[in-house]
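Peer 1: Structure, please.
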Amino acid sequence: MTTPTGMTVTQKLSAPDEAPTGNVPGAPAAGDAFELPPPRREVSGALLRGARCLCPACGSGSMFSSYLKVTPFCATCGEELYHHRADDAPPYAVIFVVGHIVVPLMVLVEELYRPEVWVHLSLWLPLTLVLCLALLPPLKGMLVNLQWALRMHGFDSGSDEREAPPEGAIRPLIRAVRPTL
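Peer 2: Model (predicted):
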């Protein structure tokens, strides 16, 4: 039999209710269950919630229990947050951002006004410190939420990287809200 494009068909076609014969690379074996991949998580929404230091899943619970300490679980929805691996990346990102803000301003002020060294020190050191301290929590929140959205470091329920919660971490009781009549 030939197709409309002129190719000759030599493969036996099976009926819809027949199992295909032969091994197909990447296909599950007969009798194996086929799992769908988990649904995709929206990265942009997770990054915006991270910039506001909110839970990546619900967007209403606080991500931090103190200045930079990530809570093990969201108090609102119970999402596990202890899987994050933010480590040294947020300070590097803060240095990158603050450096790109402060250095051009410093050069501009130097070229326009030629102030004394003490003026530079009294101006740029506090500004740098305030910017670093202000940007560190949002950038860490964005990084943790990015890891959540991409299902990295144990945020995927089927991952081999999942670990037990830290000692003393108690999962919050999430009560269903019943509508009032």
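Peer 1: how much space is there between the most centrally placed residue in the chain and Ala46?
Peer 2: Nearest to the geometric centre of the chain sits Leu146, at 1.6 Å (C-alpha atoms, centre = their mean). According to C-beta to C-beta, to the nearest Å, Leu146 stands 7 Å off from Ala46. Just so you know, the C-beta spots here come from the backbone N, C-alpha and C atoms, and that holds for glycine as well.
Peer 1: Touching, the residue nearest to the centre of the chain and Gly50? I think so.
Peer 2: Yes. If you go by C-beta atoms under 8 Å, Leu146 and Gly50 touch, sitting 7.0 Å apart.
Peer 1: per-residue confidence at the nearest residue to Leu150 once chain neighbours are set aside?
Peer 2: Ranked by C-beta to C-beta, 6 or more residues apart in numbering and with sequence neighbours excluded, the top spatial neighbour of Leu150 is Val43, at 7.1 Å. Val43 is assigned 96 on the pLDDT scale.
Peer 1: ok now do Val43, which residues does it touch?
Peer 2: Val43 sits next to 146, 149-150 when contact means C-beta atoms under 8 Å, 6 or more residues apart in numbering.
Peer 1: hey, where'd the helices end up in the chain?
Peer 2: 43-51, 89-113, 117-149 (DSSP state H).
Peer 1: okay, now Tyr92: neighbour count?
Peer 2: 11 (other C-beta atoms under 10 Å).
Peer 1: Could you report the pLDDT at it?
Peer 2: pLDDT recorded at Tyr92 is 98.
Peer 1: Could you check how far it is from Ala86?
Peer 2: 11 Å.
Peer 1: Okay, now the unreliable bits of the chain?
Peer 2: 1-34, 161-162, 172-181 (pLDDT under 70).
Peer 1: Redo the contacts of Val43 as CSV? Include distance to Thr76.
Peer 2: CSV is the format used below for these (distance: C-beta to C-beta, whole Å):
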residue, distance to Thr76
Leu146, 20
Ala149, 18
Leu150, 22
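Peer 1: Among those residues, find me the one that's closest to Ala164.
Peer 2: Checking those against Ala164 with C-beta to C-beta, the nearest one is Leu150 at 22.1 Å.
Peer 1: Okay, buried residues for stretch 93-102 please.
Peer 2: 93-94, 98, 102 (16 or more other C-beta atoms under 10 Å).
Peer 1: OK, contacts around Arg151?
Peer 2: 38, 41, 159.
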